[in-house]
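Student: Quick one, fold the following:
(one chain, ligands or ions: 1)
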Amino acid sequence: MRLKFTKMHGLGNDFMVIDLVTQHYKMDEDTVRQLADRNFGIGFDQMLIVEPPTSPDVDFTYRIYNADGSEVEQCGNGARCFARFVKDKRLTAKNEIKVSTSSGKITLHLQSNREVTVDMGEPVLEPKAIPFEADQFASEYDFEANDQQLTLGAVSMGNPHGVLVVDSVKTAPVESLGPIIESHPRFPQRVNVGFMEIVSRNEINLRVYERGAGETLACGTGACAAVVSGQLRDLLDPGVKVNLPGGSLFIEWAGKGHHVNMTGPATRVFEGQIYL
Ligand SMILES: N[C@@H](CCC[C@H](N)C(=O)O)C(=O)O
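Tutor: I've put the predicted structure just below:
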């Protein structure tokens, strides 16, 4: 069968976006892996699926697959592209769009300057819920990986994140330590790993080794988790510019009990069709 798709990106974190509201197909992990291949497939960090709502309080269901085929709970850059996609495809006329993911509900706001702000909800800090093995919440945890003693923040933005503070993102051991922490037994569902350099209380540089995708040019939930972790460690103020290899996001968090807001661009690259 023929399936139409749109290739999009949020700061270089790239997506294959498929409308399964007007098209019908049952996606599976093997197909995702084949299509994610940058030589033999379309190539992407994540596949985003638009499905009809499953409850009356949301407009759509938002499903996300990593390039390795694993279905995951949340994707921040993807959420901004999702909003632009459903508006451009006229699947909705709204500028405020509510979607459900497997980890909860989020709200997407299309701005007049074509940027998108996403209310990502409250960060989850309770270790069991992240999930992360620790007796109780702490703003940072002692952590051993690769025979090194590290200090790490643990936050869920719907999906799990570990955040390390580094002197410079240029020299951070993203490729060597990233995969080791990603699969560390203290994170039973694996983890996204952020390497955060503090520039000032309102600006950080960040690289993220993503679970199921490797290092990407940007990670929206990673940016939110880094800002939450930086504030909990008293390194950052509530509004922070996050510089990623693919560009910058603006993240706002007023502290425990508050939602995290993420603002940034969403870009369409091309339209395509595949035969499955
Ligand atoms: N690129 C994303 C996160 C995608 C999911 C992540 N790799 C996971 O496994 O949780 C973002 O922009 O947030």
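
Student: start to end distance for stretch 161-169?
Tutor: Counting by CA to CA, to the nearest Å, you get 17 Å between the two ends of stretch 161-169.

Student: what's next to that stretch, contact-wise?
Tutor: Applying CB atoms under 8 Å, 6 or more residues apart in numbering, the contact partners of stretch 161-169 are 132, 143, 150-155, 172, 177, 181, 187, 191-198, 205-207, 221-222, 225-226, 229-230, 233, 235. Heads up, the C-betas are built off the backbone N, CA and C, glycines and all.

Student: in that stretch, what counts as buried?
Tutor: Neighbour-count burial for stretch 161-169 flags His161, Gly162, Val163, Leu164, Val165, Val166, Val169 (criterion: 16 or more other CB atoms under 10 Å).

Student: roughly how far apart are the first one and the ligand?
Tutor: To tie it back to what came earlier, the one meant is His161. Between His161 and the ligand the distance is 8 Å, computed by CB to the nearest ligand atom, to the nearest Å.

Student: what is that residue paired to in the beta sheet?
Tutor: Legend: beta-bridge partners of His161 under DSSP bridges are Val155, Asn192.

Student: do the helix or strand harbouring Ala225 and the ligand meet at all?
Tutor: Per DSSP states H and E, Ala225 falls inside helix 220-232. Yes. Using CB under 6 Å from any ligand atom, helix 220-232 reaches the ligand at Gly220, Thr221.

Student: could you give the mean pLDDT of that helix?
Tutor: Average pLDDT, helix 220-232: 98.

Student: got it, and stretch 200-214?
Tutor: For stretch 200-214, mean pLDDT rounds to 98.

Student: Tell me the buried residues in that stretch?
Tutor: Buried residues in stretch 200-214 (16+ other CB under 10 Å): Glu203, Ile204, Asn205, Leu206, Arg207, Val208, Tyr209, Glu210, Arg211, Gly212, Ala213, Gly214.

Student: Quick check: which of those residues are also close to the ligand?
Tutor: Counting by CB under 6 Å from any ligand atom, the members of the buried residues of stretch 200-214 near the ligand are Glu210, Arg211, Gly212, Ala213.

Student: quick one, what contacts the third one?
Tutor: I take that to be Gly212. Counting by CB under 8 Å, 6+ apart, Gly212 has contacts Asn66, Ala67, Asp68, Gly69, Ser70, Val72, Arg190.

Student: tell me the pLDDT at the closest residue to the second one other than its chain neighbours?
Tutor: Put plainly, it is Ala67. Nearest residue to Ala67 in three dimensions, chain neighbours excluded: Ala36, at 3.8 Å (CB to CB, 6 or more residues apart in numbering). For Ala36, the model assigns a pLDDT of 98.

Student: picking up where we left off before, just checking, what packs against the helix holding Ala225?
Tutor: helix 76-88, strand 148-156, strand 160-165, strand 192-200, strand 203-210, strand 239-244, strand 247-253, strand 260-264 (3 or more CB pairs under 8 Å, 6 or more residues apart in numbering; DSSP states H and E).

Student: Could I get these in JSON lines, plus columns for distance to Glu96?
Tutor: Shown next, in JSON lines, are the helices and strands packed on helix 220-232 (distance: least, CB to CB, whole Å):
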{"stretch": "helix 76-88", "distance to Glu96": "9"}
{"stretch": "strand 148-156", "distance to Glu96": "25"}
{"stretch": "strand 160-165", "distance to Glu96": "26"}
{"stretch": "strand 192-200", "distance to Glu96": "27"}
{"stretch": "strand 203-210", "distance to Glu96": "28"}
{"stretch": "strand 239-244", "distance to Glu96": "21"}
{"stretch": "strand 247-253", "distance to Glu96": "17"}
{"stretch": "strand 260-264", "distance to Glu96": "13"}
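
Student: ok, what's across the strand from Pro72?
Tutor: Not quite, residue 72 is Val, not Pro. Per DSSP bridges, the residues bridged to Val72 are Ile64.

Student: How many residues are close by it?
Tutor: Other residues near Val72 come to 26 when the count uses other CB atoms under 10 Å.

Student: likewise Ala129?
Tutor: Residues contacting Ala129 under the criterion other CB under 10 Å number 10.
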